[in-house]
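> coords please:
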Amino acid sequence: MKLIRTYFKTLSQLAPDQAGKQALKLFCTPRKLSPRAREEDFLQKARLEHVPYSRGSMPVYHYGPDDGPLLLLVHGWESRAGSMGGLAYHLSEQGYHIVAPDLEAHGKHSPMATNLFRMSEGLNAVLDHLGPKEPYSVVSHSFGSSVACYTLGQRADKIDQLILLTSPNVMIELVHIFQQQIGLTKKGASAMIRHFDRWTGHRMEFLRVADFCLKIPYEDLSIIHDKKDRVLPYYTSASLAAALPRSSMLPVQGIGHYKMLWHAEILETVGHILELSGGKKQALAGLSLP
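Next up is the predicted model:
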């Protein structure tokens, strides 16, 4: 990282537009990380199918009873469907039909640069393929929460429980975090944002997960986030919850960004939320888990 920071600091001083272009490619190309043993275990046990979309096919994993209520699990950045295995195992015991796709450029996909809209296109193809007729629930993690909320906000599907295991809110804040990590100057970061806007046809400064969520016809929305999260700051989820009148913020302590996906108390809490609806869920509001 020291070499990367030195490189981008120097390049963005000499050629900020070029630095921004290279930084965007780095920002939008997830690393291919090998699955851990417990993730691989889930991938082997689940039923795999491939759903076509404009840039190939989406690997989609099914687990649990096929005739159970649909529960969509959406993984985060530089992750894969297998990272949601702990949730799949636990929640399938409640009778859910688990569907967990590998988002574009992740898991079984070939490495490529991607973004919120390209990932959403693939997820939308999965939902079109499933063709849900009844309200269903969604559990997402980290950047996958952005993808899930944007996708659902473009559809007419009715959502029962929407559970975000951490989430960004103001998308441009992710660039500012990344800018500090790689030593990009303000001019370099501005160039990076301009390149993003031209590539996607969307203005990053106007992208807010709260706005996505306001378009979703959900019954309840819950956000769980560790106050000491070292990957995605807690304030991102807190600001999201503050902008959504029908939401519950459930802070946790000492669990971590990734470990929460396999943490027994988080799994139990998600299971309880899925069993509740409307006023009954208010009993969980303000809960702070150890």
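> quick one, helices of the stretch 151-290 of the chain?
With DSSP state H, counting those that start in this stretch as the criterion, the stretch 151-290 of the chain has helices at 172-182, 186-200, 209-213, 234-243, 264-275.
> Ok, which of the ones you listed comes nearest Pro135?
With respect to Pro135, and counting by CB to CB, the nearest of the helices of the stretch 151-290 of the chain is helix 264-275 at 12.1 Å. Placement of C-beta: from N, CA and C, glycine included.
> sec struct for Arg31, please.
For Arg31, the assignment made with DSSP: H, G, I helix; E, B strand; the rest coil gives coil.
> Compute the number of surrounding residues for it.
When neighbours are defined as other CB atoms under 10 Å, Arg31 has 9 of them.
> Over to Ala23?
By other CB under 10 Å, the residues close to Ala23 number 28.
> Secondary structure element holding it?
Element membership for Ala23 (DSSP states H and E) is helix 16-28.
> Could the C-alpha coordinates of the next helix or strand after that helix be exported in PDB?
Downstream of helix 16-28, the next assigned helix or strand under DSSP H and E is helix 37-45. Extracted in PDB, the C-alpha atoms of helix 37-45 (Å, rounded to 0.1, in the frame of the first residue of the first chain):
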ATOM      1  CA  ALA A  37     -13.300 -23.800   3.500                       C
ATOM      2  CA  ARG A  38     -16.700 -23.100   5.000                       C
ATOM      3  CA  GLU A  39     -17.700 -21.000   2.000                       C
ATOM      4  CA  GLU A  40     -16.600 -23.800  -0.400                       C
ATOM      5  CA  ASP A  41     -18.600 -26.200   1.700                       C
ATOM      6  CA  PHE A  42     -21.800 -24.200   1.000                       C
ATOM      7  CA  LEU A  43     -21.000 -23.900  -2.700                       C
ATOM      8  CA  GLN A  44     -20.600 -27.700  -2.900                       C
ATOM      9  CA  LYS A  45     -23.800 -28.400  -1.100                       C
END
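> about what we covered before: looking at the helices of the stretch 151-290 of the chain, which is buried most?
Highest mean neighbour count among the helices of the stretch 151-290 of the chain (mean count of other CB atoms under 10 Å): helix 209-213, with a mean of 22.
> For the helices of the stretch 151-290 of the chain, give me TSV that also has distance to Ala100 and mean pLDDT.
Shown next, in TSV, are those (distance: least, CB to CB, whole Å; pLDDT from 0 to 100):
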stretch	distance to Ala100	mean pLDDT
helix 172-182	23	95
helix 186-200	26	98
helix 209-213	21	98
helix 234-243	22	97
helix 264-275	14	96
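> Show me which residues of the helix holding Ala23 are buried.
Pro16, Ala19, Gly20, Lys21, Gln22, Ala23, Leu24, Phe27, Cys28 (16 or more other CB atoms under 10 Å).
> And for stretch 150-160?
Across stretch 150-160, burial judged by 16+ other CB under 10 Å covers Tyr150, Thr151, Leu152, Gly153, Asp157, Ile159, Asp160.
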